[in-house]
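Asker: only geometry, no sequence info:
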């Protein structure tokens, strides 16, 4: 089976999974207590005549499409979702699509920065420890990585705030903008970077811990292989052996774990966003749950689902790229 | 190379053990060189220093969380603002040695105490809620002080000329002493620093109050002012004892406090209040209590009736002096404040306040009992962090353990069936696993616990969290079990079992499972740490276990801002470090177990 057909098969499968999860989400959405119409109308009930309120109630219900049966509602909803109509936010009194742009940019930027930091540190570190296996350096890094992935992100966040915002106040504690600043262009970007430093640092720690260990384990497995001996016997330089011959072969397990980690990273950034009060998707999700603004909640949830499925697709593509042997029958 | 030499014999033991696993029992004479696989695992685990340290640390934390709550019981619903944000330490009852032996009067404040000696020198000790308390006026300014009283965060004192002084918290009008008291010349009979209020009584029976009376809303009934003998105050009410021996509440509202027993009216000689109840001593030495019986403050010991001379009240306890000069306490005994010690000398005076008592004997010696301090300080609601840490640990570990048990059971079932059956069943189950692991974990947990958790009780909510964690985290263990079953099912013993006619279910779970149980244990250990982390993250952002139940995660919720992180370090350092140490230990144990079970992985 060719790569193309394999990828198409995977893609169809992932679309299938998407629908399954979306049905699940919709079911949960329907199962929750409380009348969304009453919630949306708020407390105007007390200030209106009962029959006028009833009329408004029916009107709103119709506007939200709640007077149809559940199956129709699901298809209407998923159709809207796929065409970019994410519903109406009861909290902001605006279309969801209009309000999720900025938080999404913030979250994606935050996570991208964290990813870059993690890869820049953990891959060279993992390779270096694998090469110096069982040395003092390796042992020290091993202990540090266990500590790194064992401690929950919010504790690292508290420590980081204590160290870099309270004891040595060089970074801001919260937000993405200096309050009242109206800087533009480069100045604004720098201000944002400065605000993002601590969250990115905190998010990187557990990633560095986990990925370094995986890179190391994968590299050690590969370095034991006969073709490495052959490469060395040919008289290749050690650098070439490690970075070209060994590392490329170690990439497959690394790709797998990295994909899972990236998906987890977006989920985990909910905690970080709530600690550092970053106006991102996670904070929006929490706020919307508190306000019971379920159009936003569902949109967020679908975003995370799509993200995780995209991760799976990317993982499949990455497999075929890093390993030419992959034909992956099943 | 010495390294290789070291490894060589180990590998041979492993090989022999592996051989023994397959071949079965070997002749007796080789027994001493050989170890059973389990012995080998244990041996190798015991030699792993990191894993052993982890095991010891984890066991210590685990045992503390299981055993210590019996010795340090906790009322989860208890809150007390007067004890909020107290720093760790046990200095609250450290009476200065200069004062003991020469004490004139002592007074218990919220978390600190004050005292004056017979020469009018002021002493302060304990944990100070505000640094302003250290600005004690100089002796040249005050003259000889004769009376002192400590409140929530301020002190009131009177000198022999009847002048009143105050220091500590000066907001809410606490600093604006009435003019006639500031200038002196009155004979002050009693002073009291309360909760954001100060009270003073002159010999003429005239009462003054300044500060915030928002909580107390003092109203003087007709004819009381000018006829007051003694007063008592709690955070809820002020009551006075008139010169005619009547108890009068200074409030317009009826409550449990105002249900004063009729038989004491006109007959009362002393009066004391706790936060929830009141007590009065009659002239025949009997104690009468009324109010809400919270923490047993109404349960007067029968044997003291008829012998009581005077009484004093703390936050939830009373202390009485008997006619023979001994002290008896009853009521809340969480901090030992109701365990009055036996004193050889006669007690002249007792001051009970908040959670402690000071007794001054006739020779001026000071005896104290009650709250010494908090090992790990208190949080914003005045709850003891140490006690919450213990029950919180129990909660965090229980949630983690049950979640792991749920996920392991599902994972073993699905992985076992999938690996053994193969084909379509395998395909279906593994696709299911893929779907579950595609669900974004943390967002999904948050949504489920917030949507489903709203309409159920707190206990059901905790169970829900366990189930959510368990049901969402089985795919990992299912894949692992499936892989191991795939490898094992081609072994001879499976063929033998099949030939003997053992049912499929029996083959998977009775014959194959014991062979892969070690792998499962390792994975469950590592999953346990992950589940604890997830639970505490959820609780931290408020979607897991909620207040008043404690977990290590939600204890840190209040520590999210810079002020708390900087000023109240004990509120986050202790829960954070225990949680960190615990998860690091579990991960070390898991890693050590894996290395011990699979000697090949040690080479990684």
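Answerer: Done, it's in. Note that the coordinates shown come from a computational prediction; the quantities given were computed from them, not determined experimentally.
Asker: which helix or strand lies directly C-terminal to the lowest-mean-pLDDT helix or strand in chain A?
Answerer: Sorting the helices and strands of chain A by mean pLDDT, DSSP states H and E puts helix A:36-41 at the bottom, at a mean of 69. Downstream of helix A:36-41, the next assigned helix or strand under DSSP states H and E is helix A:50-64.
Asker: name the helices or strands packed onto that following helix?
Answerer: Here helix A:50-64 touches helix A:36-41, going by 3 or more C-beta pairs under 8 Å, 6 or more residues apart in numbering or on different chains; DSSP states H and E. No exception for glycine: its C-beta is placed from N, CA and C like everyone else's.
Asker: close to chain B, is the host helix or strand of residue A:272?
Answerer: Counting by DSSP H and E, the element that carries residue A:272 is helix A:247-276. Yes. If you take C-beta under 8 Å from any C-beta of the partner chain as the test, helix A:247-276 does meet chain B, through A:263-264, A:266-268, A:270-271, A:274-275.
Asker: ranking those by neighbours, who comes first?
Answerer: residue A:270 (29 neighbours; other C-beta atoms under 10 Å in any protein chain shown).
Asker: give me the pLDDT value at that one.
Answerer: What the model reports for residue A:270 is a pLDDT of 87.
Asker: ok, and the closest non-adjacent residue to it?
Answerer: residue A:282 (3.2 Å; C-beta to C-beta, 6 or more residues apart in numbering or on different chains).
Asker: so that neighbour sits in a helix?
Answerer: Yes. The assignment for residue A:282 by DSSP: H, G, I helix; E, B strand; the rest coil puts it in a helix.
Asker: OK, contacts around the nearest residue to residue B:453 once chain neighbours are set aside?
Answerer: Once flanking residues are discounted, residue B:453 sits nearest to residue B:461: 4.7 Å by C-beta to C-beta, 6+ apart. By C-beta atoms under 8 Å, 6 or more residues apart in numbering or on different chains, residue B:461 lies in contact with B:449, B:453, B:545-546.
Asker: please tell me I have it right and residue A:316 contacts residue A:9.
Answerer: No. Look at residue A:316 against residue A:9 with C-beta atoms under 8 Å: they stay out of range, at 9.6 Å.
Asker: more neighbours: the two, which one.
Answerer: residue A:316 (22 against 14).
Asker: what about that one, distance to chain B?
Answerer: 12 Å (C-beta to the nearest C-beta, to the nearest Å).
Asker: and the one helix or strand that residue maps to, which residues are buried?
Answerer: Element membership of residue A:316 [criterion: DSSP H and E] is helix A:294-322. For helix A:294-322, the neighbour count (16 or more other C-beta atoms under 10 Å in any protein chain shown) marks A:294-309, A:311-312, A:315-316, A:318-320 as buried.
Asker: and if you look at stretch A:129-138?
Answerer: Buried, per 16+ other C-beta under 10 Å, within stretch A:129-138: A:129-131, A:138.
Asker: can you measure across that stretch, start residue to end residue?
Answerer: 5 Å (C-alpha to C-alpha, to the nearest Å).
Asker: can you list the residues of the stretch 201-330 of chain A near chain B?
Answerer: So the stretch 201-330 of chain A meets chain B at A:216-217, A:220-221, A:263-264, A:266-268, A:270-271, A:274-275, A:282, A:285-286, A:289, A:297, A:300-301, A:304-305, A:307-309, A:312, A:330 (C-beta under 8 Å from any C-beta).
Asker: can you check the stretch 51-200 of chain A too?
Answerer: A:134, A:143, A:146-147, A:149-155, A:158-159, A:161-162, A:165-166, A:173.
Asker: try 6 Å this time
Answerer: Proximity of the stretch 51-200 of chain A to chain B is confined to A:146-147, A:150-152, A:154-155, A:158, A:161-162, A:166, A:173 under the rule C-beta under 6 Å from any C-beta of the partner chain.
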